[in-house]
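Colleague: model this:
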Amino acid sequence: MPQTGIAHPPAFRSRTRRPGRFTKVFHQPPTEASCMNFLRVFLLFSTVLIYSMTLIASLSDGINWPSVATNDLIAFNWRSQFDTDFLIYLLLGATWITWREGFTAKGHYYAFLSVFLGGMFSFPYLLLATFKADGDPRKVLLGIHFTRSCDEVDCDR
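Modeller: Modelled structure (predicted):
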């Protein structure tokens, strides 16, 4: 008797028919709360990591980081490229923080700290912002520019 299809071993058939352990995880989109909790854990981990790395670097090489950074920038090698890219990223983040705070003195001060402390300031700042915004990503991103009119259906402007 000829076979009309591919015969699979019983073990293979049972694996393909039975849903796996993670079926619900992959078939349901993440909720806003779960994404915000993931971001908060990531920011907390990043804060601990950057403070630890800073402590280790300070103990081994001293605290004269401006000299190290300047020498890296003027060497014109791959480290210069990386440092330049990072500096531009810090300035972009500082611009966003200043805008988010409404170009106030507090916003400029936070931007200054963001450039000179990097993640040592920015990670806790963002973590605190997620709590002040009650987990609403629009409030986190927009800061003082968030208004309740953005909750309307036709708020595409």
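
Colleague: Now stretch 79-87: buried residues?
Modeller: Neighbour-count burial for stretch 79-87 flags residue 83 (criterion: 16 or more other C-beta atoms under 10 Å). Heads up, the C-betas are built off the backbone N, CA and C, glycines and all.

Colleague: How about stretch 131-149?
Modeller: Applying a neighbour-count criterion of 16+ other C-beta under 10 Å, one finds 133, 135-136, 139-140, 143, 146 buried in stretch 131-149.

Colleague: Ok, stretch 60-80 next?
Modeller: Buried residues in stretch 60-80 (16+ other C-beta under 10 Å): none.

Colleague: tell me the average confidence for it?
Modeller: Average pLDDT, stretch 60-80: 92.

Colleague: now stretch 129-144
Modeller: In this model, stretch 129-144 has an average pLDDT of 94.

Colleague: Just give me how far it sits from the chain centre.
Modeller: In terms of C-alpha atoms, centre = their mean, to the nearest Å, the centre of stretch 129-144 is found 14 Å from the chain centre.

Colleague: can you give me the end-to-end distance of that stretch?
Modeller: 11 Å (C-alpha to C-alpha, to the nearest Å).

Colleague: Not counting its own residues, what contacts that stretch?
Modeller: Here stretch 129-144 makes contact (C-beta atoms under 8 Å, 6 or more residues apart in numbering) with 32-33, 35-36, 39-40, 43, 99-102, 126, 146, 150.

Colleague: Would you indicate which residues of the lengthiest helix in the chain are buried?
Modeller: The longest helix of the chain (DSSP state H) is helix 32-61. For helix 32-61, a neighbour-count test (16+ other C-beta under 10 Å) marks 36, 39, 43, 46-47, 50, 54 as buried.

Colleague: Against which helices or strands is the helix or strand just after it packed?
Modeller: Remark: after helix 32-61, the chain's next helix or strand is helix 65-74, criterion DSSP states H and E. Contacts defined by 3 or more C-beta pairs under 8 Å, 6 or more residues apart in numbering; DSSP states H and E place helix 65-74 against helix 78-100.

Colleague: which stretches of the protein aren't confidently modelled?
Modeller: Low-confidence segments of the chain (pLDDT under 70): 1-28, 148-157.

Colleague: same thing but 90
Modeller: 1-34, 61, 65-66, 69, 147-157 (pLDDT under 90).

Colleague: dump the residue contacts of the closest residue to residue 79 other than its chain neighbours.
Modeller: Distances taken as C-beta to C-beta, 6 or more residues apart in numbering place residue 72 nearest to residue 79, at 4.9 Å, with adjacent residues excluded. Shown in contact with residue 72 (C-beta under 8 Å, 6+ apart): 79-80, 83.
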